[in-house]
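Enquirer: need a 3D model of the following:
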Amino acid sequence: MGMWSLTASAAYSHGKQPRQRGRSLTRPALALLFLGSLMLLSCQSEAPAPQAPAEQRPSSSDQRAQAELAKRALLERLPAEKTLRVGLSHRPRTLDPAQAVDDQSASLLYQCYEGLMSHDAQGHLGPALAERFEVGDAGLSYTFFLRPDLRWSDGVALEASDFRAAWLRAMAEGAASPGMWLLRYGANIKGAQAYRAGTLSADAVGIEVVDARTLRVHLEAPQPELLALTAQPSFFALPRHHLAAHPEDWSAFSKLVCSGPFSPDHIEENVFFFKKNPHYWASADVSIEGLAFVVMENEAARVAAFTEGLLDWTGPTALSAPVLTEARRAQYPVVDYLLFNLKQDLFAIPEVRHAFALALDQGQLAASVGGQPGTSFAPPLPSFRSRLDFPYDPAQALRMLQDGGYADGAALPALRYTFPRGQATALAIAQALQEQLEAHLGVTLVLEAEEPLAFMGRLAAGDFELAHLSHGASSPSPLAFLSLWAADKDQHPWGFTDLLFAQSLAQANAVQARVLRNVYFEEAELRLGALMPAVPLLVRPHLSLLAARVQGADAPHVPLHLLHHFSL
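Expert: Residues are numbered from 1 along each chain as shown. Coordinates of the predicted model:
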């Protein structure tokens, strides 16, 4: 799980290029995108209340503290015997699978919905809403046979047409994110790109409803990862009848109609409560009666709540290593990037971007912050290790600045670096970047810590100069990471798009042989290294805390986001 997407133009073809290194294989890798949170304040009044003098008004920090106290009081009185309590670093931005780009939204979506395929308690991919599938036409068609008597949480029959309608809607209207890119392009669904461009009708897209229980997908080229893709939120079915009846607010928490193991109950004190969905096809196998997703934007607060027994899991956002105890749990690597806004005149100059990359010592950064130096856009994976590498060369960095029209760092303006507040690792990276860029380029970096949800909004709007970005994906495939940098033209708020990079990904998608796919993935990596839309900084493990009372979470690659596999 996990989400987001981007795109840069302007190739760099002179000066010092990223060096290549020999291949090697490392541990399996999966990852998530970790971004922010927002406190919800409300008032009930028909007329504006008189304003108190400024010195008497509660500060935002006082309001936040009061909200946290109310939340803790709620958790303390919550019957925990059958309720799994999970921390969230911010409120979900949306519960529309076609619009979700953040990990916190995905965490809730995985409880509400299920795909044609899903993962079992050991992390193995298998049939879910589809009871079986057939592959035909030399890998160019997949036929999914739905389980009998599938029902939405309101009791209405769930049919193959619900999948088709949801996929077509996401192709046409979905957000810019890796998940949406995979649906529109990466899955190789016949006619998807032309439909997205408006040059093909929906009837000609390769999503065929054979009957109420049978969905056939026609591909333009074989895609060996299609089954895994159908477990992603962007491939979930949506209730057509519910969207038709509530076109404006069908995805509001209180109105969700679900296909998954849980359905919404209520929201109280910024805690999202779920109840067991009796219409879920495997409801008898779900032992947990309810879920409580608790918004705590500060990771230290989540750890404190866990230590006091108020949380069972600190949540999908990776914690900083220093805050962990012996109860730590490692899962999935996270890649941290220094993100350039290429719509800014300064960072539209490729030499400037390369100068920043050459001036950063990722080894020193890893030693001070934790993790391993980031040397490529995709982290080391079981079947793929990029030969891309970024040399640390401050002298060459200064020469690159000169080539870009800046004789020295003093000629550069002070630059704003935006990062999410309340995350110790993000703050440590920001401080290390500030120190290194000042020392090696003479650049003054002004640090801007934003409330996490506001930070996400600024990224989506392209309202930044430099920013922190953490990314991951739900598959140990290079495509899951490289698709971060590929999406529809003009959709990316950061200004990156490149035809050759997109062609390399398309070629990788069009072949089945892993060796040949990796050749094209390597081409895509090297293209990113030449264009430098961002600088990979760190690869670090996803770390979180899980209570001893949570059973069924011991497998090496257990999918923690699929909470119905657990028991208490």
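Enquirer: C-alpha only now, for contacts and for neighbours.
Expert: OK.
Enquirer: quick one: pLDDT of the spatially closest residue to Gly462 that is not a sequence neighbour?
Expert: Computed as C-alpha to C-alpha, 6 or more residues apart in numbering, the closest residue to Gly462 that is not its neighbour in sequence is Pro493, at 4.6 Å. What the model reports as pLDDT for Pro493 is 75.
Enquirer: I'd guessed Leu182 sits against Ser483; true?
Expert: Yes. With contact defined as C-alpha atoms under 8 Å, Leu182 reaches Ser483; the gap is 7.5 Å.
Enquirer: what's the neighbour count on Ala284?
Expert: If you count neighbours by other C-alpha atoms under 10 Å, Ala284 ends up with 10.
Enquirer: let me know the secondary structure of it.
Expert: Following DSSP: H, G, I helix; E, B strand; the rest coil, we place Ala284 in the helix state.
Enquirer: check Trp167 too.
Expert: Trp167 - assigned by three-state DSSP - is helix.
Enquirer: what number of residues lie near it?
Expert: Neighbourhood size, Trp167 [other C-alpha under 10 Å]: 24.
Enquirer: contacts only, for it.
Expert: 183, 234-237 (C-alpha atoms under 8 Å, 6 or more residues apart in numbering).
Enquirer: kindly report the same for Ala430.
Expert: Ala430 sits in contact with 417, 419, 447, 468, where contact means C-alpha under 8 Å, 6+ apart.
Enquirer: distance of the first one from His90?
Expert: Per C-alpha to C-alpha, to the nearest Å, Tyr417 is found 21 Å from His90.
Enquirer: now swap in the last one and tell me
Expert: His468 is 17 Å from His90, where distance means C-alpha to C-alpha.
Enquirer: hmm, back to that, JSON lines for the contacts of Ala430, including neighbour count?
Expert: What follows is the contacts of Ala430, written out as JSON lines (neighbours: other C-alpha atoms under 10 Å):
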{"residue": "Tyr417", "neighbour count": "21"}
{"residue": "Phe419", "neighbour count": "27"}
{"residue": "Leu447", "neighbour count": "18"}
{"residue": "His468", "neighbour count": "22"}
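Enquirer: select, from those, the two members most distant in space.
Expert: Pairwise distances across the contacts of Ala430 (C-alpha to C-alpha) peak at 10.7 Å, for the pair Leu447 and His468.
Enquirer: who touches both of these two?
Expert: Common neighbours of Leu447 and His468 (C-alpha under 8 Å, 6+ apart) are 417-419, 430.
Enquirer: can you list which of those are found in strands?
Expert: 417-419 (DSSP state E).
Enquirer: could you export those as TSV, including distance to Leu319 and pLDDT?
Expert: Conversion of those to TSV gives the following (distance: C-alpha to C-alpha, whole Å; pLDDT from 0 to 100):
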residue	distance to Leu319	pLDDT
Tyr417	21	98
Thr418	19	97
Phe419	15	95
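Enquirer: flag the shaky bits of this protein, pLDDT-wise.
Expert: Within the chain, the ranges that satisfy pLDDT under 70 run 1-67, 174-179, 317-318, 320-332, 408-410, 473-475, 487-491, 554-558.
Enquirer: domain boundaries for it, per the record?
Expert: Per the record, the chain has its domains at 29-36+330-543, 68-110+247-325+545-565, 114-245, by automatic domain parsing.
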